[in-house]
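Asks: have a look at this prediction, sequence included:
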Amino acid sequence: MVRTRMTLPLKASSGKEGGEDRALHKPASFIALWLWSALIFTLVPHAVRAAVPESDLRELDFPDFKTHFKMPEYTSRKQWEARRQELQQQILSAAGLLPMPARTPLRPRIVRRLDYKDYAIEVVLIETLPGYYLGGNLYLPEAKHGPAPAVLIPHGHWKKGRLEDLPSYSVPALGINLARQGYIAFAYDMVGFNDTRQTPHSFGGWSETLWGFSPMGLQLWNSIRVVDYLQSLPDVDGHRIAVTGASGGGSQAFLLAAVDERIGYAAPVNMVSAYMQGGDPCEEAPNLRVDTFNVEIAAMMAPRPMLLVSSTHDWTRHTPVEEFPAIQRIYALYGALGNVRNAHIDAEHNYNRQSREAVYQFLARNMMGSRAPAELVDQDVTLPAEEDLLAFPKSGARDEESYADVFQAWKIAASLPGQNHIDAAAQRDALRHALGAEWPSQVESAVHGNRIVLSRAGKGDRVTGYWMPGKGVPLLVVDPNGSAAALHADGVGQMLHSGRPVLLIDPFNASTSRQRKQQADSYFLSYNHTADAERVQDILTALAFLKAHGSGKPEMIGLGDAGVWCLFAGAIAPQPVNVIADLNGFGGSDEDFHDRFFVPSIQRAGGLSAALRLVNRVRTVVLAPAESADIAEASTPAQ
C-alpha cells in the first residue's frame, strides 16, 4: 500500500490510548550482522538484490492517522472478498470482539416517553454488558403501517453528543425528521457522554490493551447491541436497518457496517477519507488500521447501498475525485455501481440541513420506495428541554458501577460458557489476528555462504540469519540476541554438524527511531505492530522458508525470551511444528505479557493457555550447563 503524508486541520485528541511496548535492546552482534548484510548485497546477483529489500520497511515507514493512504487495486470479486474477510476479523480482533463476547440480556428500560402530534421520543437504557448501561433516545413515528425500517444514529464529537442542536449539526433534528418520515431511529451515546459515563471517553492502559478493552471496542460492541435491541422491537422490520452518523459517528457507522451484515444501508458523513483516519480514542485501537485505512474499511459495505456524504472544507474534500472512485471500483466487482453514491456539500465539517436531506433521499429510495420530494425536506423542529431527553438529568451519568467493574464485565463476557470451547481453527484465527502475523505464500531469499536474508514477497521486511543447508527434518533456532549468540549456545554446534537443514535468525529488534515514534504517538499501535508481534512474523517467515528446504515436520527451539515467541509462532502456524521452548517462568499473567511479550488483545484471544493447546508438540526446557553441550527437557505440558 502506497503512503504519503499531508497535514490537515484535525480534531483534538481527548486522551492517550494505553499500552506501550516494553524497552528493547539491540543485540551485541548488531554491527557484525550489518556487515554480513552489506556483504550479501555486494556479492549476490542483481536479480536476487531486487527480490530482497536492502532495508527493512518496518524500521523506515511508520504510518499514522495523518498518513495519505492509497487504495490497493483488486482485480476480482474473489480477491476482494478474501481481503474483506481478513479485514473483518482484523477489526473485530482490534475491538476485542474476536471471538464475539456472549450476548447477555439487554434488559431495556424506558425511563420516560414524550408524545407529540406526529412522533414520540422515548428515553431508553439498555444493558450492553452486565451492569453497564448505554443511554439513548428512540424516535418513533406516530402513524404505524406495519413494521417500520430502523436507523441507528451514533453521534460525533460535538460537546452535547446526542443532544447537540446547531445549524451545522443536529442529532434531534435528524431523529425527529426520520420519525416523521416513518422510521424508528435510535440516537445513542458515545462512551463517556450524557447517560453513558461509567467509563470516561478516553481510557485504557497496558492491561486493557492486552484484553482488547478500548473506547473504540466498547463503542462498536454498543452499536452491535443496539442492532440487537432494534431487532427485538415488534414495530421494527429487522431486515431494513440503516446506520448514519457524522465525524466520529461516521467512523462508528462504517466500522459497524463492516462487521455486522444486518446493516443493510449506510450513510457515513464527513469521515471516509484517505487523508485523515480518526485521531480520537474511540476511533483508534491497537492493530485496527495496520495495512488498511478508512476508505478500504468503508468499501466493505459493498454491495449493500451506501451514501458517502463529504464536505468541501474538511478532510473529505477530495472524496469526489479520490475516495469515492476507489470505493466505486469495489462496487463494480459486484456489478452494483448504482448502489453507492456521493453527496458533496459546500460547507464546513457538518451534518447540516443539506447533508441530512441528502441522507433522507438516499434512505427513502432504498428503504421506503418512492416518496414525494416534499416529504423529504428537513422540517423545523421544536426540541424538548435537554433534561427531558436524559435518563439521568441531574448528574448526567449513572454512578452505581465503577470503571473497574465495567472492565471486569468485559473480561467475564469474553469467558462465559461457550467462549472457552471454540474450535481449534477459530482459536488459531483469534491468536493470529491479535498477532497480525501470516504464513507467507512466498519467501524471497538471498544467500552468500552461510549468511542469509529472508523477506516476504511484496512486504518489504528483512530477516537476516545463519543458514546451514542439509537433508532431513529442518531445524530453526531462535535466540533473543540473534544468530551470532545462537551460534555459541549449548548444543547448537552439534546441530549444525548433524546434516540437517539448520537456520538461526536475527529476530526483529526495534530501532531507536521506532521506539521514539511509538512513545510520541498515542495511536502508534493502531497502525503498526509491536516489536514482539514482528518477531513472531519473522519466525513464521523462517519456518515457511525451512518447509521448502527440508523434509518432515520442522522443529523449532526458542532460547531465553525467544521461547515465548516461538510458542506463539508455533500455535498460529497452519502447518504442524514441534516446539522446544524455554518459557523460563512465563505463566501467562497480564504482568508476564506486559514485561515479556506485549501484544494487543493477546489475552482476549486466549493467551498462553490457548497457545499451549494449539501447538502440535511443545516441550519447555532449561539450558544445561555449558560444558555438557546439551539441551535438557524439563517438562511436557498437556497438549
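Replies: Cool, the structure landed.
Asks: elements contacting the helix or strand that contains I580?
Replies: Taking DSSP states H and E as the criterion, I580 maps to strand 578-581. Packed against strand 578-581, as judged by 3 or more C-beta pairs under 8 Å, 6 or more residues apart in numbering; DSSP states H and E, are the following elements: strand 555-558, helix 562-572, strand 617-623. Quick note: C-beta positions are derived from backbone N, CA and C, even for glycine.
Asks: quick one: strands adjacent to that strand?
Replies: Taking DSSP bridges as the criterion, strand 578-581 forms sheet pairs with strand 555-558 (parallel), strand 617-623 (parallel).
Asks: mind telling me which of the helices and strands packed on strand 578-581 the model trusts least?
Replies: Mean pLDDT is lowest for strand 617-623 among those, at a mean of 57.
Asks: how about the most centrally placed residue in the chain: what's its closest non-neighbour residue?
Replies: When C-alpha atoms, centre = their mean is applied to the chain, the residue found nearest the centroid is L288 (2.6 Å). Nearest non-adjacent residue to L288, counting by C-beta to C-beta, 6 or more residues apart in numbering: A94, 4.0 Å away.
Asks: how about the one you found, phi and psi?
Replies: Dihedral pair for A94: phi -60, psi -30, per degrees, to the nearest 10.
Asks: kindly report the same for F65.
Replies: Residue torsions, per degrees, to the nearest 10, at F65 are phi -70, psi -10.
Asks: how about the helices in the stretch 401-550 of the chain?
Replies: 403-413, 424-435, 483-487, 492-496, 512-520, 524-527, 531-547 (DSSP state H, counting those that start in this stretch).
Asks: tabulate those helices in a markdown table, adding columns for mean pLDDT, distance to L233 and mean neighbour count.
Replies: Output for the helices of the stretch 401-550 of the chain, formatted as a markdown table (pLDDT from 0 to 100; distance: least, C-beta to C-beta, whole Å; neighbours: other C-beta atoms under 10 Å):
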| stretch | mean pLDDT | distance to L233 | mean neighbour count |
| --- | --- | --- | --- |
| helix 403-413 | 94 | 23 | 17 |
| helix 424-435 | 95 | 31 | 20 |
| helix 483-487 | 96 | 62 | 21 |
| helix 492-496 | 91 | 66 | 17 |
| helix 512-520 | 92 | 45 | 13 |
| helix 524-527 | 97 | 35 | 26 |
| helix 531-547 | 97 | 42 | 25 |
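Asks: need those helices in JSON lines with distance to V52, can you?
Replies: Formatted as JSON lines, the helices of the stretch 401-550 of the chain follow (distance: least, C-beta to C-beta, whole Å):
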{"stretch": "helix 403-413", "distance to V52": "43"}
{"stretch": "helix 424-435", "distance to V52": "23"}
{"stretch": "helix 483-487", "distance to V52": "17"}
{"stretch": "helix 492-496", "distance to V52": "23"}
{"stretch": "helix 512-520", "distance to V52": "21"}
{"stretch": "helix 524-527", "distance to V52": "25"}
{"stretch": "helix 531-547", "distance to V52": "12"}
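Asks: and of those, who's closest to T312?
Replies: Closest to T312 of these is helix 524-527 (C-beta to C-beta; 27.5 Å).
Asks: can you name every helix or strand that the closest one contacts?
Replies: Looks like helix 524-527 contacts helix 512-520 (3+ C-beta pairs under 8 Å, 6+ apart).
Asks: helices or strands next to the helix it packs on in the packing?
Replies: Using 3+ C-beta pairs under 8 Å, 6+ apart, helix 512-520 is in contact with helix 524-527.
Asks: just give me how far the helix it packs on sits from the chain centre.
Replies: Relative to its chain's centre, helix 524-527 lies at 10 Å (C-alpha atoms, centre = their mean, to the nearest Å).
Asks: also stretch 495-509?
Replies: The answer for stretch 495-509 is 34 Å, by C-alpha atoms, centre = their mean.
Asks: try stretch 526-541
Replies: Offset of stretch 526-541 from its chain centre (C-alpha atoms, centre = their mean): 15 Å.
Asks: next: stretch 194-205.
Replies: Here stretch 194-205 is found 20 Å from its chain centre; the criterion is C-alpha atoms, centre = their mean.
Asks: repeat for stretch 225-238
Replies: 26 Å.
Asks: equivalent analysis for stretch 66-83, please.
Replies: Distance of stretch 66-83 from the chain centroid (C-alpha atoms, centre = their mean) equals 16 Å.
Asks: what are the buried residues along that stretch?
Replies: T67, H68, F69, M71, Y74, R77, W80, R83 (16 or more other C-beta atoms under 10 Å).
Asks: again with stretch 231-240
Replies: Neighbour-count burial for stretch 231-240, with 16+ other C-beta under 10 Å as criterion, is recorded at L233, V236, D237, R240.
Asks: who's in contact with E386?
Replies: K160, L163, P393 (C-beta atoms under 8 Å, 6 or more residues apart in numbering).
Asks: which phi and psi does the spatially closest residue to I327 that is not a sequence neighbour have?
Replies: Nearest residue to I327 in three dimensions, chain neighbours excluded: A299, at 4.7 Å (C-beta to C-beta, 6+ apart). Dihedral pair for A299: phi -60, psi -20, per degrees, to the nearest 10.
Asks: next, count neighbours for A299.
Replies: 27 (other C-beta atoms under 10 Å).
Asks: likewise for R456?
Replies: Using other C-beta under 10 Å, R456 has 21 other residues around it.
Asks: where's it relative to A562, distance?
Replies: Computed as C-beta to C-beta, to the nearest Å, the R456 to A562 distance reads 20 Å.
Asks: ok, A143 next?
Replies: 68 Å.
Asks: what about those two, which has more around it?
Replies: More neighbours surround A562 than the other of A143 and A562, with 25 against 9 (other C-beta under 10 Å).
Asks: what pairs with the closest residue to the more buried one other than its chain neighbours across the strands?
Replies: Nearest residue to A562, sequence neighbours excluded (C-beta to C-beta, 6+ apart): V478, at 4.2 Å. Judged by DSSP bridges, the bridge partners of V478 are I505, G558.
Asks: which stretches in the stretch 251-400 of the chain count as strands?
Replies: Assigned strands in the stretch 251-400 of the chain, in chain order: 265-269, 306-311, 340-345 (criterion: DSSP state E, counting those that start in this stretch).
Asks: relative to the last one, what are the paired strands and their orientations?
Replies: Each strand pairing with strand 340-345, determined using DSSP bridges, is listed with its direction: strand 306-311 (parallel).
Asks: which other residues reach the partner strand?
Replies: Contacts for strand 306-311 (C-beta under 8 Å, 6+ apart): 246, 257, 265-270, 272, 298, 316-317, 319-320, 323-324, 327, 339-351, 355, 358-359, 362.
Asks: tell me the pLDDT at the residue nearest to L288?
Replies: 98.
Asks: correct me if wrong: Y466 contacts R451.
Replies: Yes - applying C-beta atoms under 8 Å, one finds Y466 in contact with R451, separated by 6.8 Å.
Asks: which one of those two has more residues nearby?
Replies: Taking neighbours as other C-beta under 10 Å, Y466 and R451 compare with Y466 leading, 23 against 20.
Asks: follow-up on the earlier one: the strand holding I580 - what's its average pLDDT?
Replies: In this model, strand 578-581 carries a mean pLDDT of 94.
Asks: okay, it in CSV with CA atoms only?
Replies: Taking Å, rounded to 0.1, in the frame of the first residue of the first chain, the C-alpha atoms of strand 578-581 are listed here in CSV:
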residue,chain,number,x,y,z
ASN,A,578,7.5,-29.3,17.0
VAL,A,579,8.4,-26.6,19.5
ILE,A,580,11.0,-26.7,22.2
ALA,A,581,10.6,-23.5,24.2
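Asks: so what does the next helix or strand along the chain from it touch, helix or strand wise?
Replies: For strand 578-581, the following helix or strand on the C-terminal side (DSSP H and E) is helix 590-596. When contacts are defined as 3+ C-beta pairs under 8 Å, 6+ apart, helix 590-596 packs onto helix 206-210.
Asks: how does it look with 10 Å?
Replies: Where contact means 3 or more C-beta pairs under 10 Å, 6 or more residues apart in numbering; DSSP states H and E, helix 590-596 is packed against helix 206-210, helix 562-572, helix 607-614.
Asks: right, I'll leave it there.
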